[in-house]
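what follows is a predicted protein model with its sequence.
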Amino acid sequence: MEPHASLDSSLSREAAVLARYLIGREPASTLTARYINAEQTVGRKDADRLDRQIVDFAVQHYWAIAGLDTACAVLRPQAVLREKLLRLAAVLEASPEGAQDFLPKSAGPAATLFWLAAIAARSAAQLAVGAALLKGIELRDRLERRGQ
């Protein structure tokens, strides 16, 4: 397999996993192609080893994405994972197929307050889990660098 095809395959898997986190399903193949193009065009090429490990861990462990996303938003706002999620969200939101996932749903004031409280509680839990995961990935990176 040539390197370009391998990169496309890796980015395709990345798009599928990250989209499942963002919208609950894999994107259409046209949107996956747009994400791959966006990553190859404007994606950060100089990502450090730790950023690559965070993204790899997130893609390999779907359950960890919410926590890592929340922790990176607070502790590593310039993290490559955040950039990739925002880039994919832009691709999805700008398409007719994905726009509905980002439009607000109408709800009454009581329902809105309930959802805000629920989101706050969920975010706090995700931050705790994500911060622990992030520290674990950082520790593994430090140990691997020492061993080299």
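Yep, that arrived.

which parts of the helix or strand bottoming out on mean pLDDT in the chain are buried?
Least confident element among the helices and strands of the chain, by mean pLDDT, DSSP states H and E: helix 96-99 (a mean of 80). By neighbour count with 16 or more other C-beta atoms under 10 Å, helix 96-99 contains the buried residues residue 98. (Glycine included, C-beta is placed from N, CA and C.)

CA atoms only: put that helix into PDB for me.
Output of helix 96-99 as PDB, limited to C-alpha atoms (Å, rounded to 0.1, in the frame of the first residue of the first chain):
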ATOM      1  CA  PRO A  96     -27.000  19.800   3.600                       C
ATOM      2  CA  GLU A  97     -26.700  16.200   5.100                       C
ATOM      3  CA  GLY A  98     -25.200  17.400   8.300                       C
ATOM      4  CA  ALA A  99     -26.600  20.800   8.900                       C
END
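
can you tell me what sits against it?
For helix 96-99, contacts defined as C-beta atoms under 8 Å, 6 or more residues apart in numbering pick out 23, 27, 28, 30, 31, 91, 92, 93.

then stretch 102-120?
Stretch 102-120 has contacts (C-beta under 8 Å, 6+ apart) with 89, 92, 93.

ok, back up a step: in strands, which of the contacts of helix 96-99 appear?
Per DSSP state E, strands hold no members of those.
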